[in-house]
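Chemist: got a predicted structure here, sequence first:
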Amino acid sequence: MPTDGPDPTGDSTQVFDASAALPALYETLRVIATRAMRRERNRTLNPTDLVHEAWLKLASGRPREYNDRLHFTALAARAMRQVLVDRARARGAARRGGGALRVTLHEDVAEPTFPLDVLALHAALQALEAEDADAAHVVVYRFFGGLTEPEVGAVMGRSERWVRGQWAFARAWLRRRLGPDQ
């Protein structure tokens with residue numbers, strides 16, 4: 001039987017079965033994908049396709065065990081980021097650098113709400129990860145995963161206050177890195 005949190009019996013051998021829970025998770029993943037793609041220009045991928053491609057990324061390779069719904073959602077956020085970056089790279093390569101995939105940070109998740117180039121964001125996140133990996137993970141979970149500060153704290157084993165500080169730092173760092181026109 002899948003579990004979506006700590007086992008009340010104390011049996012820690014049970015894990016969250018994402019395959020069994022997929023019908024319930026599907027709508028949550030679609031909402032996350034819709035947020036991530038809200039203001040995308042030249043849309044070649046819809047939220048349903050993004051969810052399906054992210055699921056395929058998660059399902060391929062070695063079998064994974066998920067601790068709970070939040071753990072699965074955090075990994076799905078990373079998979080969605082990879083799908084968006086891969087699609088942007090492919091489109092950019094096809095046009096020799098033109099037509100970068102653009103998305104907007106959701107107003108409930110982040111400020112500002114101007115369009116962002118996914119490849120520029122990806123490069124900036126890689127640089128942020130080299131400087132502060134935790135701050136980069138907070139951005140991935142909040143932006144690509146749509147997780148709230150308490151949910152990010154639960155995934156990372158940190159307090160909501162710590163997440164809020166990392167989120168503020170990461171936003172300021174990304175603004176400085178990406179510039180005011182991004």
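Modeler: Thanks, I have it.

Chemist: can you pull the contacts of Val31?
Modeler: Contacts for Val31 (C-beta atoms under 8 Å, 6 or more residues apart in numbering) come out as Gly146. The C-beta positions use only the backbone N, C-alpha and C, and glycine is treated the same way.

Chemist: buried set for stretch 54-73?
Modeler: Judged by neighbour count (16 or more other C-beta atoms under 10 Å), stretch 54-73 contains these buried residues: Ala54, Trp55, Lys57, Leu58, Tyr66, Asn67, Asp68, Arg69, Leu70, His71, Phe72, Thr73.

Chemist: what average pLDDT does whichever strand or helix holds Glu27 get?
Modeler: Assigned by DSSP states H and E, Glu27 belongs to helix 18-36. For helix 18-36, mean pLDDT is 78.

Chemist: and Phe144, what's its pLDDT?
Modeler: Looking at Phe144, its pLDDT reads 82.

Chemist: and it, what are its phi and psi?
Modeler: phi -80, psi -30 (degrees, to the nearest 10).

Chemist: ok so, going back, buried sites along the helix holding Glu27?
Modeler: Within helix 18-36, the residues that qualify as buried are Ala18, Ala21, Leu25, Leu29, Ile32, Ala33, Thr34, Arg35, Ala36, counting by 16+ other C-beta under 10 Å.

Chemist: please convert these to a markdown table, extending it with distance to Leu178.
Modeler: Formatted as a markdown table, the buried residues of helix 18-36 follow (distance: C-beta to C-beta, whole Å):
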| residue | distance to Leu178 |
| --- | --- |
| Ala18 | 33 |
| Ala21 | 36 |
| Leu25 | 31 |
| Leu29 | 27 |
| Ile32 | 22 |
| Ala33 | 22 |
| Thr34 | 23 |
| Arg35 | 19 |
| Ala36 | 17 |
